[in-house]
Each structure stands twice: as C-alpha cells, then as structure tokens.
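Novice: what's the 3D shape of this:
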Amino acid sequence: MIERVVRESTGTGAARHYAGTMAGFWSGLSGTLHALDSIAADPVRLDESAVAPLRTLQYRLHRSGELLEGVEPPAGARDAHDELRDALIDARDSTAWVAEAIELGGHEAAAELVFEWRGALFRVHLARMGLGASQRPPDEPPPLISAAVASGLALAGAVAFVSGAALVLWPLWAAGLALVAGGLLAQRS
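Specialist: Predicted coordinates for the structure are as follows:
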C-alpha cells in the first residue's frame, strides 16, 4: 500500500525528495570541497606530505560522483544535475593530476597545475549554485528582481510618507506607509 501511495505522488513530492537528497549530498561533500579549497589556496603546501590527503580527497570526489549517479533529478534540474556530475569528474581528475605531479616532479610541477585545479573546484561551486537556481519554481521571480521591487516600494513609500508629513496631507502620508509595508512584504517573499 505504501508503494502505491509513493507512485501516485505529485511532482512536488519528487522535487522535495530530490532537494532533501541533495541537502544530504552537499553536507557530505562540503567538507571535502573545503579541504581541497584550503590546500589549493596555499600552493606552498603542495609537497610530499600533501599526496596522501589529496588521494583521500580525490576518492571522496569520486564517491560523491557515484552517489550523484544514483539520484534521479526532477525534469527541470536535469541539465544542472549533469553539470554538477561533470564538474565533480573534472575536480576529481584535476586533484589526481596535482597529486601525481607532486609524486613525479615535486612542488614545482604541481604549482603549474594549481590554477587549472582551482578552476575545476570552482566549477563544482558554480554547479551547486546552478542546481539551486534550477530548483526554484518557475513562477517565482529571481531574488534580484524581488529585492529591486522591495527596495523601490520602500523608497517610494519613504518619500511619500515624508512628503505627506511635511505637507500635512494625511492621504499621502498613509499611502507612504502602505508602500513601505508593501516593500516589506515583497522582501519577505
């Protein structure tokens, strides 16, 4: 009976399930990305002592990619999901190249790969942002538009309120209060 109920669920349930799955996925991957970002930010650390941690982090990226393969995204998130998968593969491969460069040529050889490696790690962060944007419902305005509308309403309301108070015109004063309240409501949504 539970199986039948799950099958009959709407797309909203699938999207919520996907969002929950991805939240767990990111909580596991964020520590790996943080460690990689900190190593990549300090190229002086790219010596023999960095090889073992890099190999471990490389495996974690590989494992994250495998976990991602087992997740079926909702229709609107397919492209962003695929971009994340590809970004994880690039980050894994770049991490492997840096570790191998350290083993074969030392710090100098690895230093030549740092910018490409950091770019691959940044691509994972961008893919995460893209995945978050693709999960927004299509009728919801982008946050920048909501912020602009809220700011415009608040500014117009403040001008109307001050003008109404200075000119002792209570309808203009009240309209200013209403516009400020509208700006607050627009900002909250």
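
Novice: what's downstream of the host helix or strand of Ser146, the next helix or strand?
Specialist: Per DSSP states H and E, Ser146 falls inside helix 143-167. For helix 143-167, the following helix or strand on the C-terminal side (DSSP H and E) is helix 170-188.

Novice: what about His125, helix or strand, and which?
Specialist: Taking DSSP H and E as the definition, one finds His125 inside helix 114-134.

Novice: kindly export that helix (C-alpha atoms) in CSV.
Specialist: The C-alpha trace of helix 114-134 is given here as CSV (Å, rounded to 0.1, in the frame of the first residue of the first chain):
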residue,chain,number,x,y,z
VAL,A,114,47.2,25.0,-9.4
PHE,A,115,45.2,27.5,-11.5
GLU,A,116,43.5,24.7,-13.5
TRP,A,117,42.8,22.7,-10.4
ARG,A,118,41.3,25.7,-8.6
GLY,A,119,39.2,26.4,-11.7
ALA,A,120,37.9,22.8,-11.6
LEU,A,121,37.0,23.2,-7.9
PHE,A,122,35.3,26.5,-8.6
ARG,A,123,33.2,24.8,-11.3
VAL,A,124,31.8,22.5,-8.6
HIS,A,125,30.8,25.5,-6.6
LEU,A,126,29.2,27.1,-9.7
ALA,A,127,27.3,23.9,-10.5
ARG,A,128,26.0,23.9,-6.9
MET,A,129,24.7,27.4,-7.4
GLY,A,130,23.2,26.5,-10.8
LEU,A,131,21.5,23.5,-9.2
GLY,A,132,19.9,25.7,-6.6
ALA,A,133,18.6,28.1,-9.2
SER,A,134,17.1,25.3,-11.3
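
Novice: quick one: contacts for the closest residue to Glu83 other than its chain neighbours?
Specialist: Spatially, and ignoring its direct neighbours in sequence, Glu83 is nearest to Ala127 (4.7 Å; CB to CB, 6 or more residues apart in numbering). Backbone N, C-alpha and C define where each C-beta goes, glycine included. Ala127 is in contact with 80, 83-84, 86-88, counting by CB atoms under 8 Å, 6 or more residues apart in numbering.

Novice: one more time with 7 Å
Specialist: Counting by CB atoms under 7 Å, 6 or more residues apart in numbering, Ala127 touches 80, 83-84, 87.

Novice: narrow the residues you listed to those in helices?
Specialist: Judged by DSSP state H, helices contain the following of the contacts of Ala127: 80, 83-84, 87.

Novice: next one: phi and psi at the nearest residue to Gly106 once chain neighbours are set aside?
Specialist: Leaving aside its chain neighbours, Gly106 sits nearest to Asp47 (7.3 Å; criterion: CB to CB, 6+ apart). Backbone dihedrals for Asp47, given as degrees, to the nearest 10, come out at phi -130, psi -170.
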